[in-house]
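J.: Okay, here's the prediction I keep looking at, along with the sequence it came from:
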Amino acid sequence: MEEVNIGYAFKKSVWGNGFGFEACKEILRFGFNELKLSQIVAVIWPDNMVSINLVKKCGLRYWKNIIWNGSDRVVYSIETTDNNRV
């Protein structure tokens, strides 16, 4: 993939505390505002609805399905515009 891929992983014991949302928003802010990226994507297992809902909450939208490392994935994307800078 040529796009910059956002990633995160948390211990199960801290799920549901908002850390994923805060991390995602900060990564997007840093990527767009500091690194001047034009697009950031999230590559997610199709059945991982928690991660899908998290990236949607952060403003990413469904982009496409791909095969990545031999497995099906869904890709969500966000592009920099004046309207979605975080």
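T.: Looks like it came in fine. This is a predicted model, so every value here is computed, not measured. Numbering: from 1, shown residues only.
J.: Tell me who's in contact with the residue nearest to the spatial centre of the chain.
T.: For the chain, the residue nearest the mean C-alpha position is residue 42 (3.7 Å; CA atoms, centre = their mean). Neighbouring residues of residue 42 by CB atoms under 8 Å, 6 or more residues apart in numbering: 5, 6, 7, 51, 55, 60, 75, 76, 77. To be clear about C-beta, it is placed using only N, CA and C from the backbone, and glycine gets the same treatment.
J.: tell me what the lowest-mean-pLDDT helix or strand in the chain is packed against?
T.: Taking mean pLDDT, DSSP states H and E as the measure, the helix or strand of the chain with the lowest value is strand 4-5, at a mean of 90. Strand 4-5 is packed against strand 39-44, with contacts defined by 3 or more CB pairs under 8 Å, 6 or more residues apart in numbering; DSSP states H and E.
J.: In its sheet, which strands sit next to the least confident helix or strand of the chain, and in what direction?
T.: Applying DSSP bridges, strand 4-5 is found paired with strand 39-44 (parallel).
J.: residues of the strand it pairs with that come out buried?
T.: Using 16 or more other CB atoms under 10 Å as the test for burial, strand 39-44 gives 40, 41, 42, 43, 44.
J.: Surely residue 63 and residue 73 touch.
T.: No. When contacts are counted by CB atoms under 8 Å, residue 63 is not listed as touching residue 73 (10.9 Å).
J.: quick one on the thing from earlier: and the buried residues of strand 39-44 as CSV, adding distance to residue 33 and pLDDT?
T.: Below are the buried residues of strand 39-44 laid out as CSV (distance: CB to CB, whole Å; pLDDT from 0 to 100):
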residue, distance to residue 33, pLDDT
40, 12, 96
41, 18, 96
42, 18, 96
43, 23, 95
44, 24, 95
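J.: now, which of the residues you listed sits nearest residue 81?
T.: Comparing these against residue 81 with CB to CB places residue 40 closest, at 12.5 Å.
J.: Show the pLDDT at the closest residue in space to residue 71 that isn't next to it in sequence.
T.: Leaving aside its chain neighbours, residue 71 sits nearest to residue 45 (7.4 Å; criterion: CB to CB, 6 or more residues apart in numbering). As predicted, residue 45 sits at a pLDDT of 94.
J.: any idea how far residue 45 lies from residue 31?
T.: As judged by CB to CB, to the nearest Å, residue 45 and residue 31 stand 22 Å apart.
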